[in-house]
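Engineer: Below: sequence and its predicted model.
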Amino acid sequence: MSDTTSEGGHQEDKADRGRNSVAARAMGWFDSRLGLSHQMLRPAPQYSINPFYWLGALATVAFVIQGVTGGIMMLYYVPSPTQAYASTLYIFQNVSYGTFLQTIHLYTAYAMIMLAFMHMMRGYFVSVHKKPRELMWITGMVMGFITLGFGFTGYLLPWTIVSKSATDVGIGMMGALPQPLASFLTFLIVGSGSDAGELLRFFDLHVVVLPAVLLVLLVVKMYMLEAHGVSEPTTGTESLPPKKRRLIPIFPDVSFYLVELAALFGSAVIIISVIFPLTLPPEYSASLAGQSVSQPDWYFLWVYQILKISAFEEAGLSVALSVVTLVFIVLIFLPFIDRGKTRSIRRRMVYVTLGAIFVAEVAVLALWGYLTPGIAIPNETAGLVLGGTALLVTLGSVFAYKAVFGGLRGLAKKTEHGGAPVAQTPSLVAPRAVSSRSAALWTAGIFICLLVAGAFFIGNSIDGVIALRLGTAAALQSFAVSLAGLSLTVIGTMFMLYRLDLGTGSIRRRVRAFELGWRE
Amino acid sequence: MNAEKSVSDRNTIVTERMALRIVSLLLLVAAISVFVLWSVNPVGSGSESTFALYLAVDLVSVGMVSYVQRAVAREGRISRAPLAAGSFFILFLVVAGLYLLS
């Protein structure tokens, strides 16, 4: 009996070996032809397992979601002025999960623009535009403009009163651009000037031209990423523990991490779309167009607000557009402007401050534009708000640098020498035994929050003054709330400075230390 | 040293068998939510939100399975915090979906 069992077992083993051998040979055949076991993509360092390293990948996920949802909507949408609105309404009312589909399409578009902006600003602050990634930066910038182009062209397609009016304003502004460019852009997106031609061109650009160009650029950028790898931390890799420096394969480690991020991102967009479902504004008609205030979507509000400044209206429009164009040109050619070799945030105070000013100005202008639709901005108010924001950010940046890199210098030197604290200037007392990095990050984070709140409340206070002068209802209440918010921000800033002071000694000694710091 | 070890053990799950159980449970949750997705009446007015919430349950489950797989393969242990956060998130979505269904 046992012999029979043993014999049967031997036969099974032989059969298994045979199968394994066949399977192994088959896998080997495919592997040798397709290179399955060969890691085609270069491994990534462990420190790149961080969401900030994959903002561009998340923007790509948003692009893919838009491709899928947009592809489904294309089955129903008709790009004609007489049927565009009706077909969009049909998707809302008759197609299964049509509202959800439209909402997801719109919100992932918003997310894509926001993620692309965050990806760009993160790259700016950590200097990824420097050698050897200059062309990656330029490619990314062009991809960013195409992303904005998606927003601009897609906004018109539902043919609502809001979308058509705002797009007409945008097209009208193109006439103020320098002549060859203005004619080219007008021909490209408007054509003969008829509504039908305009809508068809916008549709073609939105679903064919821009996705194709973006895909090609994505491949080019991925190729360059493969050549240069993930950028190193600004402090270099030497200071990192070996565990963080080790290389991990793209598959499965990085791929699974991206699946996690994409799942989180997708679920967040879905939940937001459930809480704030999209509603379709009324259809466009020439008679209704004169009654509504034209306002672009949020990502163009900052440009819209610049154009509303009195000095830039009418004859000054070309000047305003030149200013905006200059900002874009500077961003594109940044690698050839910021040519310093250092990538350390600590040693790039001017560029970091300029970047922070840019972010704050864009945020303030967008919010301001949202709060004051169709209201022209007097020159003095614009100067006060924009100048005030820049001043506030600059002061905040200086204080943050002093707090993060200046006030904790003692600890840094102690770490560098690996022993007792190095003697400082006479007035500086020995630093506290706290986690310097964590404290510095928290301090910087709170200061940035205070700065954003301060800029917001300054803008709102000025807006409140304008509303008071115009006699708008509830203006006094809004003004009082803004002033209260501003006061709280100032008190918060003073408290933070006081807390920083507690770490090193009495206020007088701290002021003395700051004075010495300035002299240095 | 011992105190550190015990804290570390309290915050992480080490065994592969436990990881397998977690993954099985998550896959079961994902399968049930897929079943709900197919069962929801697509033309009902309130069904879109239910559909969306259960789709989110699926996505979070897949994300957590991916996390467990990555953490076990690379670190040999799973941190409890992301699992707890993800589980509460799924629970919240399921309850919200059931509320909408009712």
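Structural biologist: Alright, I've got the coordinates. Residues are numbered from 1 along each chain as shown, chains lettered A, B, ... in the order given.

Engineer: which residues in chain B form helices?
Structural biologist: B:2-11, B:16-39, B:47-74, B:80-101 (DSSP state H).

Engineer: Pop out the phi and psi values for A:Val78.
Structural biologist: phi -120, psi 120 (degrees, to the nearest 10).

Engineer: Just give the number of residues close to it.
Structural biologist: A count of neighbours around A:Val78, defined by other Cβ atoms under 10 Å in any protein chain shown, yields 16. Every residue, glycine included, has its C-beta placed from N, CA and C.

Engineer: now the one 5 residues further on
Structural biologist: Here the number of neighbours of A:Gln83 (other Cβ under 10 Å) works out to 14.

Engineer: if I look at it, how far off is A:Tyr76?
Structural biologist: Separation of A:Gln83 from A:Tyr76 (Cβ to Cβ, to the nearest Å) stands at 11 Å.

Engineer: How about A:Gly67?
Structural biologist: For A:Gly67, the distance to A:Tyr76 - Cβ to Cβ - is 16 Å.

Engineer: likewise A:Tyr53?
Structural biologist: 38 Å.

Engineer: hmm, which helix or strand of chain B has the shakiest average pLDDT?
Structural biologist: helix B:2-11 (a mean of 48; mean pLDDT, DSSP states H and E).

Engineer: Which residues are in contact with the closest residue to B:Met64 other than its chain neighbours?
Structural biologist: Ranked by Cβ to Cβ, 6 or more residues apart in numbering or on different chains and with sequence neighbours excluded, the top spatial neighbour of B:Met64 is B:Gly86, at 4.5 Å. Taking Cβ atoms under 8 Å, 6 or more residues apart in numbering or on different chains, we find B:Gly86 in contact with B:60, B:63-64, B:67.

Engineer: wait, which of the residues you listed is closest to chain A?
Structural biologist: B:Gly63 (2.9 Å; Cβ to the nearest Cβ).

Engineer: Surely the closest one is in contact with A:Leu258?
Structural biologist: No. Judged on Cβ atoms under 8 Å, B:Gly63 makes no contact with A:Leu258 at a distance of 10.3 Å.

Engineer: Compare these two (neighbour count), which wins?
Structural biologist: B:Gly63 (24 against 17).

Engineer: any idea which element the residue nearest to that one when sequence neighbours are not counted lies in?
Structural biologist: Distances taken as Cβ to Cβ, 6+ apart place A:Ala263 nearest to B:Gly63, at 2.9 Å, with adjacent residues excluded. When elements are assigned from DSSP states H and E, A:Ala263 belongs to helix A:255-275.

Engineer: Could you pull up phi and psi at the residue of the stretch 51-200 of chain A found nearest chain B?
Structural biologist: Nearest residue of the stretch 51-200 of chain A to chain B: A:Ser96, at 3.6 Å (Cβ to the nearest Cβ). Phi and psi for A:Ser96, reported as degrees, to the nearest 10, are phi -60, psi 130.

Engineer: again with A:Pro249
Structural biologist: According to degrees, to the nearest 10, A:Pro249 has phi -70, psi 150.

Engineer: do you know how far it is from chain B?
Structural biologist: 10 Å (Cβ to the nearest Cβ, to the nearest Å).

Engineer: That residue against A:Gln46, yeah?
Structural biologist: No. Judged on Cβ under 8 Å, A:Pro249 makes no contact with A:Gln46 at a distance of 11.3 Å.

Engineer: what about these two, which has more around it?
Structural biologist: Set A:Pro249 next to A:Gln46 and count neighbours by other Cβ under 10 Å: A:Gln46 wins out with 19 against 13.

Engineer: I'd like the distance from the more buried one to chain B, if you could.
Structural biologist: In terms of Cβ to the nearest Cβ, A:Gln46 sits 9 Å off from chain B.

Engineer: got a list of what that residue touches?
Structural biologist: Applying Cβ under 8 Å, 6+ apart, the residues contacting A:Gln46 are A:243-248.

Engineer: Kindly reformat those as a markdown table and extend each row with pLDDT.
Structural biologist: Putting those into a markdown table (pLDDT from 0 to 100) gives the following:
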| residue | pLDDT |
| --- | --- |
| A:Lys243 | 84 |
| A:Lys244 | 85 |
| A:Arg245 | 87 |
| A:Arg246 | 89 |
| A:Leu247 | 90 |
| A:Ile248 | 89 |
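
Engineer: If burial is judged by neighbour count, which of those residues pass?
Structural biologist: A:Ile248 (16 or more other Cβ atoms under 10 Å in any protein chain shown).

Engineer: which one of the contacts of A:Gln46 is nearest A:Met121?
Structural biologist: Closest approach to A:Met121 among those (Cβ to Cβ): A:Lys244, at 23.9 Å.

Engineer: where's the closest one, which helix or strand?
Structural biologist: helix A:242-245.

Engineer: wait, does that helix contact chain B?
Structural biologist: No. Helix A:242-245 lies apart from chain B when judged by Cβ under 8 Å from any Cβ of the partner chain; the minimum separation is 9.8 Å.

Engineer: what separates B:Leu27 from B:Val62, distance-wise?
Structural biologist: For B:Leu27 relative to B:Val62 (Cβ to Cβ), the value is 9 Å.

Engineer: same question, A:Trp159
Structural biologist: 37 Å.

Engineer: got a pLDDT number for the residue nearest to B:Gly63?
Structural biologist: Model confidence at A:Ala263, given as pLDDT, is 95.

Engineer: check contacts around it.
Structural biologist: B:59-60, B:62-63, B:66.

Engineer: A:Phe265: neighbour count?
Structural biologist: Neighbours around A:Phe265, by other Cβ under 10 Å: 22.
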